[in-house]
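Visitor: have a look; sequence and predicted model below, questions after that.
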Amino acid sequence: MKLKELKMIDIQFLGLVNATLQAATLLFIAALGELIAEKSGVLNLGVEGMISIGAVSGFITAINTENLFLSIIVGIVSASLFSSIHAFVTVILKQDQTVSGLILTILGLSLSSLIGKKYVGKKLNTKLEGVFDIENPSNILEIILAQNIIFYIAIILMIVTAFVLKRTMFGRRIEAIGEDLKSADSMGLKIGKTQFIATCVGGAFAGLSGVYLTLSYVPYWTDGMTSGRGWIALALVIFGGWKPYRTAFGALLFGFLEALGPRLQTYGFEMSPYIVKITPYVITILVLIILTILKNGNTGAPKNIGIPFFRENR
Amino acid sequence: MNKFLLSKKLYRNELATFYSFLIGFLIAIIVGSIILLIQSKNPFDVFSLMLKLSIGSVNSLSNSLNKAIPLILAGLGIAIINSVKLWNIGAEGQIFFGAIALNFVYINTSIENSYLYIFLLLASGFIGGSVCILLPALSKVLFGVNEIITTLLTNYIVFGLTIYLINGVWKDPNSLNFPAAAYVSESVYLPTVFGKLSSGFLICILFTLIAYYIKDKSVFGYEMRIAGGSALTAIYAGISAKQKAFIAMLIGGGFAGLAGAIELLSQTHRVSTGISQGFGYTAIIVAAITGMRPLGIFLVGSLFGALAIGGSVIQTIGVSSYISDIIQATTLFGALIAQFFFSYEIKRVKDD
Amino acid sequence: MKNPILEAKGISKSFGNIKALDDVDFFLEKGIIHGLLGENGAGKSSLMNILSGIYIPEKGTLTINGQLIKRLNPDLASSYGIGMVHQEFRLIDSFSIKDNLTLSKSNIYQNDFSEAFSKYSDIFALNLNAMTPVSELSVGEKQKVEIMKLIFHNSSIMLLDEPTAVLTPQETVQLKESLETLSQEDEKTIVLITHKLKEIKDFTETIYVMKNGKMVAKDLDTKTVSDTQLIELMMGEVKTSKFDKNNFKGDTKLEAVDISFTNEQNIKTLQNVSLEIKSGEVLGVAGVSGNGQVELANIICGIIKDFEGRVIVKTKDVTGKGVKSRKKLNLSYIPENRLGVGLAPGVSVLDNSAIKEYFQASFGPHLSKNVLLNSLNDLINKFSIKAPDVKAEISTLSGGNMQKLLMGRELISNPDVIIAAQPTRGLDVSAVDSIHNLIIDQRDKGSAILLISEDLDELFKLSDRLIVMYEGKVITEIETELATVENIGLAMAGINE
């Protein structure tokens, strides 16, 4: 009897871990992409729209071709192309990044709804399988091993991004531009080109996150299914102080809260699941305020974020 | 090899914003047409139907203007806050919170005179909007916390709160399938003025004038402009930039809160998730596209209201309503592109 | 000249109707430290901006290493080995010294960084780990890294804009030695741009002097040229004042008593400064900029409040009170920084014209645009300001008209006290004249005027008395009649007999 109870709790717990990892993966990939764009000084508030574009294009490809690999590629490429609108308007035409990013979200959401209209309610026959074939995972290690390929890609991307930004010339140059446009210019760095590429890389990451959403997390398509995850991703970048590993920790925390919501009652808590759902947002605001106070206004944000670069020759 | 040199134009055409809008709208119509053609629909037929169904009769016109009310009010709030060069991305949440505050007051009070009651309820909506932006405003002026993120996150908190309320303490037991709060009494409905046009539109006109007055004709608006122009000049002039920013944010939030209150009293008649359908976000487009000018916001808001109605009715002929969202967003992108050519000069330089 | 590495001939450049450079010649010889001397606004920065490809000259030719350059741009300039150290550093604070030195694609020490770094650390006496973030460096150390950056970018011609302005005397000596080593051992060509006499004499082998956009002296041998010669070249002949100095002086209107101030960087920028100005009197403050003048003006005008000492306006003690207390006592401030402090960029001409007394046009919360427009029209007529469109942004006005608008706005109310900082900097001759007339008019109407300027001409012309500020202290106080270019010029350089 006691053993059986224990087993139940165990399964519940493993379910929670699994859900946490999945929710975190989704958030983290998009946040990491935004981190790269912001490191180069481009604030892209269009994450929500880009995820949505990646999600719908990946899903449609999967339905029509049943080729998951191709679907992932299509999702990434289309979101990246979509983000190039933002790059064009802000980097080349030097328009306001806030306005452009917001509109990218609105456009992305409506465009993906339009494209995906015929596919609402369709179910995918294939699904991204776990990398290792584990039937009924019985401990945390097995849960981790049972995750699909995108989970592992996310981990690799995290390590690679952190390494590239901190340790390579290429990464340091990206960061130099986001920190100080004038100094970077005096070093002869190609500001426009770098920012354009970083923005599109950010879009590609968001696309991957979107593909994860429709091919694995909830394998169907419906309007507005991104439900604000793009905005959480933006908040995660701040939460993580523009550092990949800290952002990953933030993603796990947020993923945990998202996964915990619907499970609270099974743990015997009286708290409303709706209130649990808003806790990540409340925590982010509080963390943001506390970080700003502690660091005296310096949250670790790239110093020249959001400033269009313009060198006047006369 | 050719190189391009950019330089900022000293003189900008006074009507640049207006022309940019027209160019943007034209681009958007072209993009919309292409999308329709891809779906093998005749763009001309679709657009003329949209036109007919959004402004072709008193009824459809009043529907369009009703739809415009929250866009205009929230847009005005955003414009007021932008006078001090701050962004309010939280209008969506403020709209909901305005409705929540209204309902809270409605539940806890009772006034015989329905005009007085309506006035009180609208005022509580306004105050609700201000309360909703209080935390972002305080954290901005006291600690310098980025207001874009805080106002935005507030949207999700308020939306979550709304769902919590309409599924919990405020849940109307008669509404089984669709979670919502109980309806307010018919006595506090905003009366219509002609056709289906809500008297909320008159309030909207009034507040457009108020916003115009605050921004362009008042001492406060003047101080906001100076503070927004240069923090050092504000110090030099003895103007407290932080105080102006704080007050501007409260007023701007209030405008959006009022939009929520009007929406409740004239359209939904209860708190539900339908209080706003992304009005707070569309309002950002409306405000940005007009260069934050109140009268422009009124006109573009009305146009976008008509677009939204047109978009929702063409669903009957199998065209997605999202076409109007796409047109709205593309208009702003087109306008941004046009703005570039109004503000920069491009010289082609031959390298040899 | 033997064999110049860089040759600029007949360079002209104008901005609007101001000739920034007028037929300027400039030659650089390899491995030599050159001095470029001149007052602020003499055209030194414009010339340097042309050499580094930022400005495109209207006339003139540029030859580098015997090669005629048709059209220079910043990238091209650096590929020709021209590098510049600006007054505001171009270093990324959060990055390490190493990153700042090596991130550029033109870095020549990619593979042997540590050797190069230790070599130049020795030359610059820089005792730091290459991984130290720049934000932890002192200003002097940043300066060294900035110069090192040029070396790492393979610059053979190094333009240094006022490099000593931020250095302590010891650091200055150190810099001199480092630059000498660089020019001798590495054959670097160095240009030291400055308005400090002492340093140009200490550092350089040959001196060029600019005044009013013209090169007034070329290739002077540092060893033989005298201080007085240089001062005369730099400041020109001081014209005798055409203004009547028999002005009546009344009661004391402004008094600053024993003012000391320590800024946020913990530097004591003002030490025991006292002054007193009577009605109808102009007190000139001479001094190289950055010697405490801005702080003094900000303290008198109530912008800085946490200082020691007292400020008394019209017998009222306003110490610790803000800007508005001064406005009530009819004190006007014409700040040095026109656009950015005195005028708000991005805001219309009309709005900017009302910053001082906009509340005069208010009725409760209402701001009467008509009243504003009327007073602006008054300003425009009275001070002959050319403003084609008053609703357009302030930046559509020329520099002279901006300054006239600012002056007019501050003077139209007949202020009792006027603080004017660098009121004519960067303006053309006719604008300068009309602003001088405005100041004298105001003096004769009984204002007490504090005139802060670097232009000795202006100070001699307008002031009744002069004080010279050096390193936050008043080191000389003298009646204008007794002042000479020599004694003021030397005091400005910190030499006080």
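Guide: Cool, the structure landed.

Visitor: all contacts plus neighbour counts: C-alpha atoms, from now on.
Guide: Will do.

Visitor: tell me if I'm right that B:Ile100 and B:Ile163 touch.
Guide: No. B:Ile100 is beyond contact range of B:Ile163, at 10.9 Å (criterion: CA atoms under 8 Å).

Visitor: higher neighbour count, those two?
Guide: B:Ile100 (29 against 21; other CA atoms under 10 Å in any protein chain shown).

Visitor: what strand or helix carries the more buried one?
Guide: helix B:91-108 (DSSP states H and E).

Visitor: helices or strands up against that helix?
Guide: Applying 3 or more CA pairs under 8 Å, 6 or more residues apart in numbering or on different chains; DSSP states H and E, one finds that helix B:91-108 contacts helix B:58-82, helix B:114-132, helix B:147-167, helix B:241-263, helix B:279-289.

Visitor: how about 6 Å then?
Guide: Using 3 or more CA pairs under 6 Å, 6 or more residues apart in numbering or on different chains; DSSP states H and E, the elements in contact with helix B:91-108 are helix B:114-132, helix B:241-263.

Visitor: is the longest one up against chain C anywhere?
Guide: Okay, so that is helix B:241-263. No. Helix B:241-263 does not reach chain C (CA under 6 Å from any CA of the partner chain); its nearest approach is 13.0 Å.

Visitor: what comes into contact with that helix?
Guide: B:70, B:73-74, B:77-78, B:80-81, B:84, B:91, B:94-96, B:98-99, B:122, B:125-130, B:133, B:137, B:141, B:200, B:224, B:227 (CA atoms under 6 Å, 6 or more residues apart in numbering or on different chains).

Visitor: so for that helix, mean pLDDT?
Guide: Mean per-residue pLDDT for helix B:241-263: 97.

Visitor: do the same with stretch A:39-58
Guide: Computed over stretch A:39-58, the average pLDDT equals 96.

Visitor: cool, and stretch B:155-172?
Guide: Mean predicted lDDT for stretch B:155-172 stands at 92.

Visitor: give me the residues contacting that stretch.
Guide: Applying CA under 6 Å, 6+ apart, the external contacts of stretch B:155-172 come out as A:274, A:278, B:90, B:93, B:179-182.

Visitor: need the CA coordinates for that stretch. PDB is fine.
Guide: C-alpha atoms of stretch B:155-172 as PDB (Å, rounded to 0.1, in the frame of the first residue of the first chain):
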ATOM      1  CA  ASN B 155      -0.800  42.600 -19.700                       C
ATOM      2  CA  TYR B 156      -0.400  38.900 -18.900                       C
ATOM      3  CA  ILE B 157      -0.900  39.400 -15.200                       C
ATOM      4  CA  VAL B 158      -4.100  41.300 -15.700                       C
ATOM      5  CA  PHE B 159      -5.300  38.800 -18.300                       C
ATOM      6  CA  GLY B 160      -4.600  36.000 -15.900                       C
ATOM      7  CA  LEU B 161      -6.400  37.900 -13.100                       C
ATOM      8  CA  THR B 162      -9.400  38.300 -15.400                       C
ATOM      9  CA  ILE B 163      -9.600  34.600 -16.100                       C
ATOM     10  CA  TYR B 164      -9.200  33.900 -12.400                       C
ATOM     11  CA  LEU B 165     -12.000  36.300 -11.500                       C
ATOM     12  CA  ILE B 166     -14.500  35.100 -14.200                       C
ATOM     13  CA  ASN B 167     -13.800  31.500 -13.300                       C
ATOM     14  CA  GLY B 168     -13.900  32.100  -9.600                       C
ATOM     15  CA  VAL B 169     -15.400  34.700  -7.400                       C
ATOM     16  CA  TRP B 170     -17.200  36.600 -10.200                       C
ATOM     17  CA  LYS B 171     -18.300  33.600 -12.200                       C
ATOM     18  CA  ASP B 172     -21.800  33.900 -13.400                       C
END
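
Visitor: and the end-to-end length of stretch C:453-464?
Guide: 14 Å (CA to CA, to the nearest Å).

Visitor: run the chain-centre distance for it.
Guide: 16 Å (CA atoms, centre = their mean, to the nearest Å).

Visitor: give me the mean pLDDT for it.
Guide: Throughout stretch C:453-464, pLDDT has a mean value of 87.

Visitor: likewise stretch C:186-200?
Guide: Throughout stretch C:186-200, pLDDT has a mean value of 86.

Visitor: what sits up against it?
Guide: C:30-39, C:156-162, C:182.

Visitor: burial of the nearest residue to B:Thr208 once chain neighbours are set aside, as a residue count?
Guide: Nearest-residue entry for B:Thr208: B:Pro294, 6.0 Å, with adjacent residues in sequence omitted and distances by CA to CA, 6 or more residues apart in numbering or on different chains. Residues lying near B:Pro294 (other CA under 10 Å) number 28.

Visitor: up against chain A, what does the stretch 251-352 of chain B have?
Guide: For the stretch 251-352 of chain B, the residues in contact with chain A (CA under 6 Å from any CA) are B:322, B:326, B:329, B:340.

Visitor: taking the stretch 1-150 of chain A, what residue is nearest to chain C?
Guide: Residue of the stretch 1-150 of chain A nearest chain C, by CA to the nearest CA: A:Lys39 (12.9 Å).

Visitor: enumerate every residue touching C:Ile33.
Guide: C:190-191, C:204-205.

Visitor: most neighbours, which of those?
Guide: Ranking the contacts of C:Ile33 using other CA under 10 Å puts C:Ile190 first, with 26 neighbours.

Visitor: beyond whichever strand or helix holds that residue, next helix or strand please.
Guide: Using DSSP H and E, C:Ile190 falls within strand C:189-194. The element immediately downstream of strand C:189-194 (helix or strand, assigned by DSSP H and E) is helix C:197-203.

Visitor: wait, a strand at C:Val285?
Guide: Yes. Assessed by DSSP: H, G, I helix; E, B strand; the rest coil, C:Val285 belongs to a strand.

Visitor: how about the residues of the stretch 151-300 of chain A by chain C?
Guide: A:183, A:187.

Visitor: so where do the helices sit in the stretch 151-300 of chain A?
Guide: Counting by DSSP state H, counting those that start in this stretch, one finds helices in the stretch 151-300 of chain A at the ranges A:169-179, A:181-186, A:191-212, A:229-239, A:244-260, A:273-294.

Visitor: mean neighbour count added to the ones you listed, as a markdown table?
Guide: Formatted as a markdown table, the helices of the stretch 151-300 of chain A follow (neighbours: other CA atoms under 10 Å in any protein chain shown):
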| stretch | mean neighbour count |
| --- | --- |
| helix A:169-179 | 24 |
| helix A:181-186 | 21 |
| helix A:191-212 | 28 |
| helix A:229-239 | 26 |
| helix A:244-260 | 22 |
| helix A:273-294 | 19 |
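
Visitor: redo those as CSV? Include mean pLDDT.
Guide: Output for the helices of the stretch 151-300 of chain A, formatted as CSV (pLDDT from 0 to 100):
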stretch, mean pLDDT
helix A:169-179, 94
helix A:181-186, 89
helix A:191-212, 96
helix A:229-239, 88
helix A:244-260, 90
helix A:273-294, 83
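
Visitor: I'd like these as JSON lines, with distance to A:Ile153 appended.
Guide: Compiled in JSON lines, the helices of the stretch 151-300 of chain A are given as follows (distance: least, CA to CA, whole Å):
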{"stretch": "helix A:169-179", "distance to A:Ile153": "19"}
{"stretch": "helix A:181-186", "distance to A:Ile153": "31"}
{"stretch": "helix A:191-212", "distance to A:Ile153": "10"}
{"stretch": "helix A:229-239", "distance to A:Ile153": "17"}
{"stretch": "helix A:244-260", "distance to A:Ile153": "13"}
{"stretch": "helix A:273-294", "distance to A:Ile153": "25"}
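
Visitor: could I get these as CSV with distance to chain B?
Guide: Listed next are those as CSV, based on distance: least, CA to the nearest CA, whole Å:
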stretch, distance to chain B
helix A:169-179, 17
helix A:181-186, 16
helix A:191-212, 13
helix A:229-239, 7
helix A:244-260, 13
helix A:273-294, 5
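
Visitor: so which of the ones you listed comes closest to C:Ser45?
Guide: helix A:181-186 (16.6 Å; CA to CA).
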